[in-house]
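[1] Below are the sequence and a predicted model for it; my questions follow.
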Amino acid sequence: MQTFTPEQAGYREEIAGFQTGITSAPQLVVAATSADDVAAAVRLAAERDLPVAVQATGHGLRAPAEGVLISTRRMTGVTIDPDRAVARVEAGTTWGSVITTAAEHGLAPLSGSAPGVGVVGYTLGGGFGLLGRHFGLASDRVRSAEIVRPDGTRATGPIDAGIVTALEFGLVPVTTLYGGGLYFDTAKIPDVLRTWRDWTADLPDTVGTSVAMVPYPDLPMVPEPLRGKHIAHIRVAYLGTDGDELVAPLRALGPLQDTLTTMPFTDSGQIAAEPPHPHSYLGDNRVLPTLRDDVLSTVLDHAGPDAPIPPVLIIDLLGGAYQHSSAPDFTADSRYTVRALSMIEPDAATVQAAHAKLFAPLDPMSTGRLRSFVYGQPLG
């Protein structure tokens with residue numbers, strides 16, 4: 001079991017995660033390669049009366065500023081049982097590894113929009129995925145979990161009863177889907193939001209979709225039609241064969257760029273096309289029962305192109321199988337999420353204040369928030 005203290009070489013690299021904006025400084029980092037290492041780290045922390053945190057990829061809520069950090073990034077085993085349509089993964093595994101391995105057997109996981117996200121952290125947050133309106137949350141597919149209890153003993157139990165060292169979960173028989181995005185210029189954003197809202201009114205649960213407002217930087221890595229512009233981006237993931245017909249009302253708005261096509265599920269990360277490199281960000285969200293015109297006006301005022309600090313603003317369609325989930329995040333009235341994601345510039349307090357102005361008018365009608373989409377700050 002390899003360990004790192006703040007003065008040792010490799011410590012900074014070990015605590016680094018995808019989220020770079022909020023730093024932590026644990027007294028000890030344990031680079032776990034097995035469940036036994038995790039158990040030993042928990043016992044060591046108990047002996048020293050130190051808090052424990054766990055990190056695989058570091059996408060979500062960051063570790064506390066002190067105590068013992070257990071790094072699971074080296075625990076990346078993936079095993080597929082094709083006869084049972086089940087995957088077993090270790091604690092540091094990312095969705096990209098599962099997607100690739102499951103595809104060899106004609107199967108797919110209920111992964112999210114970014115294949116670089118860790119499976120365990122994503123699932124512990126519920127697991128809101130591309131195919132969730134049809135198949136439900138990733139957490140609803142968990143068959144069993146191998147955990148380390150707070151006393152440092154290993155066991156099989158609920159995913160919230162200790163530190164998860166391995167998960168076994170069900171897969172779905174999906175190999176292809178119709179997916180991608182439509183990107184629209186700044187002047188069309190109000191029309192795009194309203195059209196997308198109306199289009200989602202009676203979609204089948206085989207369609208997963210969201211619409212985003214994205215202030216793209218003027219950088220060479222951004223495709224030329226989008227570079228330096230505030231863009232509306234409609235994302236679609238559809239388990240059907242008539243995709244072009246389905247999205248015709250959206251295409252009629254005249255996109256700058258159109259990436260919608262039939263694709264293998266292994267390319268599903270291209271649908272949202274999220275940046276794969278680590279960066280600093282804060283994010284929060286609200287769940288809403290409807291997208292009234294006044295809601296869209298609020299979103300445009302506080303998160304649109306003319307907002308003082310425009311975030312990446314994403315609205316997701318819920319409903320479908322989510323309404324039958326056992327997770328507390330969803331109710332029968334949960335229809336949309338409104339999410340704000342911002343770089344931590346100029347500072348965290350300013351960004352949080354901007355988010356508060358966006359969400360305050362939505363709070364009276366909100367049914368809550370999704371844990372999957374709270375980033376870089378504690379749930380409150």
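    It's in.

[2] Could I get the full set of helices for the stretch 51-200 of the chain?
    Along the stretch 51-200 of the chain, the segments classed as helices by DSSP state H, counting those that start in this stretch run 95-103, 119-124, 132-135, 189-199.

[3] So for residue 261, what's the nearest residue that isn't a sequence neighbour?
    Excluding the flanking residues, the one nearest residue 261 by CB to CB, 6 or more residues apart in numbering is residue 180, at 5.6 Å. C-beta: built from backbone N, CA, C; applies to glycine.

[4] Please work out how many residues are found near the one you found.
    If you count neighbours by other CB atoms under 10 Å, residue 180 ends up with 25.

[5] And for residue 168?
    A total of 18 residues lie near residue 168 under the criterion other CB under 10 Å.

[6] residue ranges for the strands of the stretch 251-380 of the chain, please.
    257-258, 261-264, 282-288, 312-317, 336-342 (DSSP state E, counting those that start in this stretch).

[7] about what we covered before: ok, the residue nearest to residue 261 - contacts?
    Going by CB atoms under 8 Å, 6 or more residues apart in numbering, residue 180 touches 235-236, 258-261, 263, 270-271.

[8] do residue 254 as well
    Counted by CB under 8 Å, 6+ apart, residue 254 has contacts 184, 188.

[9] per-residue confidence for it?
    Residue 254 is assigned 98 on the pLDDT scale.

[10] now do residue 82
    In this model, residue 82 is scored at 98, pLDDT.

[11] Can you tell me how far it is from residue 139?
    Here residue 82 is placed at a distance of 22 Å from residue 139 (CB to CB, to the nearest Å).

[12] can you pick the most crowded of the contacts of residue 180?
    Neighbour tally across the contacts of residue 180 (other CB under 10 Å): the maximum, 24 neighbours, falls on residue 236.

[13] would you list the helices of the stretch 51-200 of the chain in TSV and tack on distance to residue 252 and mean neighbour count?
    Shown next, in TSV, are the helices of the stretch 51-200 of the chain (distance: least, CB to CB, whole Å; neighbours: other CB atoms under 10 Å):
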stretch	distance to residue 252	mean neighbour count
helix 95-103	32	20
helix 119-124	35	25
helix 132-135	24	24
helix 189-199	8	18
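
[14] Rebuild those as JSON lines, extending it with distance to residue 245.
    Formatted as JSON lines, the helices of the stretch 51-200 of the chain follow (distance: least, CB to CB, whole Å):
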{"stretch": "helix 95-103", "distance to residue 245": "27"}
{"stretch": "helix 119-124", "distance to residue 245": "32"}
{"stretch": "helix 132-135", "distance to residue 245": "19"}
{"stretch": "helix 189-199", "distance to residue 245": "13"}
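
[15] and the closest residue to residue 142 other than its chain neighbours, how many residues sit next to it?
    Spatial nearest neighbour of residue 142, chain neighbours left out: residue 169 (4.9 Å); criterion: CB to CB, 6+ apart. Neighbour count for residue 169, taken as other CB under 10 Å: 23.
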